[in-house]
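>>> quick one: sequence and predicted model below, then my questions.
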Amino acid sequence: MAKNLKRLETAAWPLFRAGHLPMIGEWVALPVLDSAGATGPADPLAAEVMYPTAERLLQRCDAVLRLPGASRGADRDVAIAEARGLPVYYALEDVPGVTASTPSEGAAPLS
C-alpha cells in the first residue's frame, strides 16, 4: 500500500498547481482507522473504513484520475465515478489545467 500511495501522491502537486484539490482516500481512511484503534489497513476494521471512505469522497468529487496499475479499489472508484457521470482521466496530462511542464515546476510532491 505504501508504494501505491507514494505513486499516487506524486500526482498531487501537478494537480494542485493546476487549481485542483487532489484527494486520495487513504489520506482520510488511515487516520480514521488509527483513531478507531485498528492496527493498520490489514486490520478487520479496515473493511468498514477503506472502501466506504472512497465511496463517500466520490460523492464530493468532480472527477477521477485513474493512474496505471492493478487496483481493485481504483477500478471500483472508476465504476462509481462513471455511474455518477463524472469524468475519468487516465493520464495526468489529460486533466484540465495540467500541462507537461507542471510536474517539474517548483516543489516536491506532497507526502
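Yep, that arrived. Values in this document were obtained by computation on a predicted structure and should not be read as measured data. Numbers count the residues shown, from 1 in each chain.
>>> and the top helix by length along the chain, what does it pack onto?
Longest helix in the chain by number of residues (criterion: DSSP state H): helix 72-84. Helices and strands touching helix 72-84, by 3 or more CB pairs under 8 Å, 6 or more residues apart in numbering; DSSP states H and E, are helix 50-58, strand 64-65, strand 88-89. The way it works is simple: take the backbone N, C-alpha and C, and place the C-beta from them, glycine included.
>>> any stretches of the chain with poor pLDDT?
100-111 (pLDDT under 70).
>>> can you name the farthest residue from the center of it?
Going by CA atoms, centre = their mean, the residue of the chain most distant from its centre is Gly37, 23.4 Å out.
>>> chain neighbours aside, what residue packs nearest to that one?
Spatial nearest neighbour of Gly37, excluding adjacent residues (CB to CB, 6 or more residues apart in numbering): Leu45 at 7.8 Å.
>>> what number of residues lie near that neighbour?
15 (other CB atoms under 10 Å).
>>> look up how far Ala36 lies from it.
Relative to Ala36, Leu45 is positioned 6 Å away (CB to CB, to the nearest Å).
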